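> I would like to see how this sequence folds:
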Amino acid sequence: MPRSERSPLLLAGLLASAGVAHFAVPRQFDATVPRVLPGAARTWTRVSGVVEFALAAGVALPRTRRVAALATAAFFVGVFPANVQMAVDWRNRPAPLKAAALARLPLQVPLVMWARDVARAGEGRS
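Alright, predicted model coming up:
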């Protein structure tokens, strides 16, 4: 299978894996929920995990791929504040942890572009 055909499935796998992680190790995600959001952090962690499962399913299916990939790009933009929160909260942690938190910030750009590319490849296919 050519790489371009695998790309949506790899993106779906990434989303599904992240969804599993939100339920398997929720504490680490709870800590990144921006404090300005109303309600319990665990609720936001669970909701984002469910959203990732739904996006994974949508990206995996050719019929819904284009819309789901566009929604995935928007989701990646939407979770950026959580990455900023993590970077702020981890600014006094040991250097490797601080570096990991900071590295997450620019990582959102290729994720958004990947989802956008999957959406573009899915145009005209339904």
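> avg pLDDT for the longest helix anywhere in the chain?
Criterion DSSP state H: the longest helix present in the chain is helix 95-121. For helix 95-121, the mean per-residue pLDDT is 92.
> so what does that helix touch, helix or strand wise?
helix 3-24, helix 65-78, helix 80-89 (3 or more Cβ pairs under 8 Å, 6 or more residues apart in numbering; DSSP states H and E). From N, CA and C alone the C-beta is placed, and that goes for glycine too.
> and the last one, what's its mean pLDDT?
Averaging pLDDT along helix 80-89 yields 88.
> hmm, who's touching it?
29, 31, 32, 33, 34, 35, 101, 102, 104, 105, 107, 108 (Cβ atoms under 8 Å, 6 or more residues apart in numbering).
> Then the first one?
If you take Cβ under 8 Å, 6+ apart as the criterion, helix 3-24 is touched by 29, 45-46, 48-53, 55-57, 59-60, 65, 69, 72, 114-115, 117-118, 121-122.
> Provide a ChimeraX selection command restricted to the buried entries of the residues you listed.
This is the ChimeraX syntax for the buried subset of the contacts of helix 3-24, where burial follows 16 or more other Cβ atoms under 10 Å:
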select :29,45,46,48,49,51,52,53,55,56,59,60,65,69,72,114,115,117,118,121,122
